[in-house]
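Student: Provide a 3D model corresponding to the input given below.
(one chain, ligands or ions: 2)
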Amino acid sequence: MSILELRDAHRTHGRGETEVHALKGVTLTVNAGELVAVMGPSGSGKSTLLNLAGGLDRPSKGEVAIDGTLLGDCGKRELAALRRRRVGYVFQDLNLLASLTAAENVALPLELDGTSPRQARGQARTALSEVDLEGHGERFPDELSGGQQQRVAIARALVGDRRLVLADEPTCRRS
Ligand SMILES: Nc1ncnc2c1ncn2[C@@H]1O[C@H](COP(=O)(O)OP(=O)(O)OP(=O)(O)O)[C@@H](O)[C@H]1O
Ligand SMILES: [Mg+2]
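Tutor: Ligands and ions are numbered 1, 2, ... in the order given. Sure thing, here's the model as predicted:
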């Protein structure tokens, strides 16, 4: 079964004179284990596409399905749970919480989903070591380099039982 499916997905931003038709009928299937790179110039709609693929945004027209679940049929709670459990997202601006340590940032999606703090901490440690950050879990984001912060964000997207990991320019980080 496909992990991600977009069918004739459109997304329009704004209205009237400032309306931008960012996506015009994207159809895309991604199967388990597949790695897909979306390329295009600035403003061409890559983030818009990823936001739809991760259920962070809804299409103006068309359909998106993650792991066989049609997002248009999901209520708010169901969609939030699907995003927490199945989708890992590395944001263009990382979005690490400054008041949490690296390990706490990585453990957060699991804890929000009801995993015990102890178990979440163990899985966070494993995810951090997968991105070569063992021993850095107790540091706060501002005590890490730009690339290390980026890897914390990647660990947070990989932790737990993710079916789909979406990364918006994860290697294009300043400093
Ligand atoms: N919230 C918004 N309101 C209005 N227009 C928007 C909004 N978000 C994106 N756009 C417009 O939609 C188009 C696609 O933007 P998007 O952010 O998806 O591009 P991108 O390919 O990710 O660009 P970049 O490489 O610079 O990150 C652009 O023309 C942008 O100005
Ligand atoms: Mg973008």
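
Student: quick one, strands of this structure?
Tutor: For the chain, the strands defined by DSSP state E occupy 2-13, 20-31, 61-66, 69-70, 87-90, 164-167.

Student: list the neighbouring strands of the shortest one plus their orientation.
Tutor: Using DSSP bridges, the strands paired with strand 69-70 are strand 61-66 (antiparallel).

Student: list the buried residues of the partner strand.
Tutor: Neighbour-count burial for strand 61-66, counted by 16 or more other CB atoms under 10 Å, picks out 62-66. Quick note: C-beta positions are derived from backbone N, CA and C, even for glycine.

Student: and the angle from that strand to strand 2-13?
Tutor: If you take axes from the mean of the first three to the mean of the last three CA atoms, to 10 degrees, strand 61-66 sits at 150 degrees to strand 2-13.

Student: pLDDT on strand 61-66, on average?
Tutor: The average pLDDT within strand 61-66 is 96.

Student: how about stretch 161-168?
Tutor: For stretch 161-168, mean pLDDT is 91.

Student: residues of the protein that sit close to ligand 1?
Tutor: For the chain, the contact set with ligand 1 under CB under 6 Å from any ligand atom comprises 13-14, 20, 22, 40, 42-48.
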